[in-house]
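K.L.:
Kindly return the folded structure for what I paste below:
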Amino acid sequence: MKQWVFLFALFCFNACVTLPQIAGGQRVAQPGVSFIPPAGKPWSVLMQSTYQIALGARGSSENETFVTNVSIYQLPSTLSPQQFLAHVRAGRAAEPQTGRFEVISNEEQLYADRPETCVKHRASSKDYGAGRGADFTVIDYLGMNCIHPKAPRVGILVELSRKSPPSVAGPSFEALGMSLLRSVEFTQFK
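P.N.:
Modelled structure (predicted):
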């Protein structure tokens, strides 16, 4: 699913398409969850539905892009923290192995800094399908999956990703991603 968001973002950023904008640092509400995309840049609404929102922003160079993705999904049953960790790991490992992406690093662990049951992930991959002036781009991911505290059969994914050539330096991705994760608030579904 992550790959289609990047392809859509690439298309929208490269085409002369005017998309609705959200200021970074402004709270965005979706059913059951709200969050604040990183400040300092305008975010284009790439896609929004009842169950998902994807925002895109340019980085410090024309070959650097960011995507904030928040998705709501159904869980198979009520899960303990360890079962939820195993469920998230299995889902993330089940992505298609097309040869386009090469994992550099991937880590998933229970995220104890939040009161909800959450699994935090940090990953990097090489993308050989979108060179942007190099043999490959690097995609960084920092996000979390949480069991919604008011609906235990509902999962919430909140993730920031960055795509750029390996030589592009930008603001601390870790700091931007952590600000996004800390901003998440869960609300009652209506």
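K.L.:
Remind me which helix or strand Leu55 belongs to.
P.N.:
strand 52-58 (DSSP states H and E).
K.L.:
what comes into contact with that strand?
P.N.:
By CB atoms under 8 Å, 6 or more residues apart in numbering, the residues outside strand 52-58 that reach it are 5, 8-9, 12-13, 19, 22, 24, 28, 30, 37-38, 41-48, 64-72. In short, each C-beta sits where N, CA and C put it, glycine included.
K.L.:
right, and the helix or strand after that strand?
P.N.:
strand 65-74.
K.L.:
Contact partners for the most centrally placed residue in the chain?
P.N.:
Central residue of the chain (CA atoms, centre = their mean): Glu159, 2.3 Å from the mean position. Glu159 makes contact with 2, 68-70, 121, 141-144, according to CB under 8 Å, 6+ apart.
K.L.:
on that earlier part again, who does the strand holding Leu55 pair up with?
P.N.:
With DSSP bridges as the test, strand 52-58 is paired with strand 42-48 (antiparallel), strand 65-74 (antiparallel).
K.L.:
any chance of those strands in CSV, plus mean pLDDT?
P.N.:
Converted to CSV, the strands paired with strand 52-58 look like this (pLDDT from 0 to 100):
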stretch, mean pLDDT
strand 42-48, 95
strand 65-74, 96
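K.L.:
and among those, the most buried is which?
P.N.:
Here the criterion is mean neighbour count by mean count of other CB atoms under 10 Å, and of the strands paired with strand 52-58 the winner is strand 65-74, at a mean of 21.
K.L.:
May I see the buried residues of the helix or strand just after it?
P.N.:
Next helix or strand after strand 65-74 toward the C-terminus (DSSP H and E): helix 81-93. For helix 81-93, burial by neighbour count (16 or more other CB atoms under 10 Å) applies to 84-85, 87-89, 92.
K.L.:
Can you tell me which of those is closest to Arg114?
P.N.:
The shortest approach to Arg114 among the buried residues of helix 81-93 belongs to Phe84, at 12.7 Å (CB to CB).
K.L.:
Just confirm that closest one contacts Val119, I think it does.
P.N.:
Yes. With contact defined as CB atoms under 8 Å, Phe84 reaches Val119; the gap is 6.3 Å.
K.L.:
Overlap in contacts, these two.
P.N.:
Asn145.
K.L.:
What separation is there between Leu55 and Val154?
P.N.:
21 Å (CB to CB, to the nearest Å).
K.L.:
from the contacts of Glu159, which single one is nearest Gln188?
P.N.:
Val70 (16.6 Å).
K.L.:
which residues touch that closest one?
P.N.:
Residues in contact with Val70 (CB under 8 Å, 6+ apart) are 28, 30, 33, 35, 52-54, 156-159.
K.L.:
same check, this time on Val154
P.N.:
32, 72-75, 147-148, 189.
K.L.:
Looking at the residues you listed, which is nearest Asp135?
P.N.:
Closest to Asp135, out of all of these and judged by CB to CB, is Tyr73, at 34.2 Å.
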